[in-house]
Structures are given as C-alpha cells and as structure tokens.
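Peer 1: Sharing a sequence plus its predicted fold:
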Amino acid sequence: IDVRTGAQLWRYRRVLPGGLTYGAANASNRGFAILGDLLFLGTLDAHLLALDRRTGRVVWDTTVADYKVGYAITQAPLIVGDKVIMGIAGGDIPTRGFIDAYDAKTGARSWRFYTIPAPGEPGSETWSDPVVLPRGGGATWQTGSYDPELNLLYWGVGNPNPDYYGEDRKGDNLYTASLIALDADTGKF
C-alpha cells in the first residue's frame, strides 16, 4: 500500500492445497519479517517464502515440513543477522516440533533444533515411552525473542501431544511447556 495515497501497489495471495490437516478451519498468520528488500512469510502448508517488498514477486519458496502430516506455520519469522528463524505449528496433531534457521538470501536451512528429543538424546529420559517421541508435539506457536549481547534465542515451546490424555507420556516431557534458549548461530541448546 502506498502510505501517501492508500493505493495498492501489489498483492500476494498464496493458493493453498486441498487437504490441509492444520489451519483449514481457522486460518491464521501472525505477520511478516523484513530484512532489506525482502519480506518473509510462513504459510499454512508449511512453506517459508521471501517476497520482494517492492513488487510482491516470490524470490524463494522453501518447504519447511510436510503439511499432510499436520505441520503448518502461523507465526511471524524472526530475523537475526542474515538468518530467518522460524518455528512450526501443529502441536495438537502428532508431529515433532522444531525451530529452524534459514539463510535470508537463499532459503537454505542453516540449522534445526527439535523441541522433542530423539531417543537417547538429552531430555528423552523425561518421556516414559520412546515411541511417543516422534509424535510428541512441542509446537512453537509464537515468535521467540533474541538477546544480541548473549547471542541467544529464547523460544516458548507448547504442549506435548496428546494434550488431553497424558497416560502415554508420563514424566516432564522436555522440552514441551518450556522456555528454551538456543545459540542463534548454531541452534545448539
């Protein structure tokens, strides 16, 4: 929108595929991030896009995860240096949450931190059944924050799955229902 006249300069509208497992009934998007001439947007079919801010042209489009199993992106990305940091929605569906960093120029993934540890990884001992781990939830619904002095990302992690019946997942279920800190360069816990 031209701020002086209110005239529309361009419009981008994503055509979503049929069969969305998350977000079809209550579509949401919590915003953009901007770096230079690029706008960054997550989509309900679990893609991360870079748009040219002057034309709306798609500069790159990266598949973050498989929307067919319940992954979606509803939060606004966070820019840290030359990285676009993005979490995933879908914690009420049997998915494994994560936070990713992508190169802002190319869309190539730089790192991924899983919010549900794999069997044998630190934190996995807090889950009573290792079979639950790959579908344990831990979505990251909201955009995190960044501390430039410590170079740390702080991100809230949502509920474990299933969220209403916990008999299959006794224990503390790390890293769900937690605030985690990650090194912004590497994604290390």
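Peer 2: Yep, that arrived.

Peer 1: Shouldn't residue 74 be within a strand?
Peer 2: No: the assignment for residue 74, made by DSSP: H, G, I helix; E, B strand; the rest coil, is coil rather than a strand.

Peer 1: For it, which non-adjacent residue is spatially closest?
Peer 2: residue 89 (4.6 Å; C-beta to C-beta, 6 or more residues apart in numbering). Every residue, glycine included, has its C-beta placed from N, CA and C.

Peer 1: Doesn't residue 85 belong to a strand?
Peer 2: Yes: per three-state DSSP, residue 85 lies within a strand segment.

Peer 1: ok, for it, nearest residue in space, not its chain neighbours?
Peer 2: Counting by C-beta to C-beta, 6+ apart, the residue nearest residue 85 is residue 78, at 4.4 Å.

Peer 1: what about that neighbour, how many neighbours?
Peer 2: Look at residue 78: counted by other C-beta atoms under 10 Å, it has 21 neighbours.

Peer 1: Next: residue 179.
Peer 2: 10.

Peer 1: what sits opposite it in the beta ladder?
Peer 2: As for beta bridges, residue 179 partners with residue 156 under DSSP bridges.

Peer 1: returning to what we had before: per-residue pLDDT of the residue nearest to residue 74, please?
Peer 2: We have a pLDDT of 86 for residue 89.

Peer 1: Provide the backbone phi and psi angles at it.
Peer 2: The phi/psi pair for residue 89 (degrees, to the nearest 10) reads phi -100, psi 180.

Peer 1: list the contacts for it?
Peer 2: 22, 23, 71, 72, 73, 74, 75, 139, 140, 141 (C-beta atoms under 8 Å, 6 or more residues apart in numbering).

Peer 1: Would you convert these into TSV that also reports distance to residue 61, pLDDT and neighbour count?
Peer 2: Below are the contacts of residue 89 laid out as TSV (distance: C-beta to C-beta, whole Å; pLDDT from 0 to 100; neighbours: other C-beta atoms under 10 Å):
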residue	distance to residue 61	pLDDT	neighbour count
22	19	70	25
23	18	65	21
71	15	90	24
72	15	91	29
73	12	93	29
74	17	90	23
75	18	92	21
139	22	89	31
140	21	90	27
141	23	80	17
